[in-house]
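Trainee: Got a predicted structure plus its sequence, pasted below:
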Amino acid sequence: MTNPPVQRNSEPARIKTPGVASVFFVISPFMLLLGGFLAQVNASVTASYGVFQTQLGSAIFLVGIAFLVTAIVLVGVRSVAQQQLDILLERKTY
């Protein structure tokens, strides 16, 4: 009994972008806009609710920045991993 020949996939192996990076890319602009709006609307108001709203807006803005940076880092890591995989597959064919 012989094994059938292994058929190689003609398409090169691709590493997919993590789903969380896509979610972060979609959510971050909304958080940046909302946080910036909330932080600037009541920046000149001296009442306690104005201070709280400004702090809340700043926190939301910073979370939006963190989401955006995290998404960029995840896509960068995927890109580096894909380059390394391409190099390894190229070496394997020789």
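Mentor: Now that the structure is in, tell me what you want to look at. Predicted model only: the values in this text are computed from it and were never measured.
Trainee: Now the most centrally placed residue in the chain: closest residue in space that isn't a chain neighbour?
Mentor: Most central in the chain under Cα atoms, centre = their mean is Ala71, positioned 1.5 Å from the mean C-alpha point. Spatial nearest neighbour of Ala71, excluding adjacent residues (Cβ to Cβ, 6 or more residues apart in numbering): Phe24 at 3.7 Å. For the C-beta atoms, the positions are set from N, CA and C on the backbone; glycine is no exception.
Trainee: if I pick the residue nearest to the centre of the chain, what's in contact with it?
Mentor: With contact taken as Cβ atoms under 8 Å, 6 or more residues apart in numbering, Ala71 is in contact with 21-22, 24-25, 28.
Trainee: Could I get the average pLDDT for the strand or helix carrying Leu56?
Mentor: Leu56 is part of helix 48-92, with elements assigned from DSSP states H and E. Summarised as a single mean, pLDDT over helix 48-92 is 90.
Trainee: Mind telling me what element the residue nearest to Ala71 is part of?
Mentor: Take DSSP H and E as the rule and Phe24 turns out to sit in helix 19-41.
Trainee: Buried residues of that helix, list them for me.
Mentor: By neighbour count with 16 or more other Cβ atoms under 10 Å, helix 19-41 contains the buried residues 21, 24-25, 28, 31-32, 35, 38-39.
Trainee: Three-state assignment for Ala13, please.
Mentor: Under DSSP: H, G, I helix; E, B strand; the rest coil, the three-state class of Ala13 is coil.
Trainee: Does it touch Leu85 like I think?
Mentor: Yes - the criterion here is Cβ atoms under 8 Å, and Ala13 meets it with Leu85 at 5.9 Å.
Trainee: For the two, indicate the residue with more neighbours.
Mentor: Leu85 (14 against 10; other Cβ atoms under 10 Å).
Trainee: Wait, that one touches Lys16, no?
Mentor: No - using Cβ under 8 Å, Leu85 is not in contact with Lys16; the gap is 11.9 Å.
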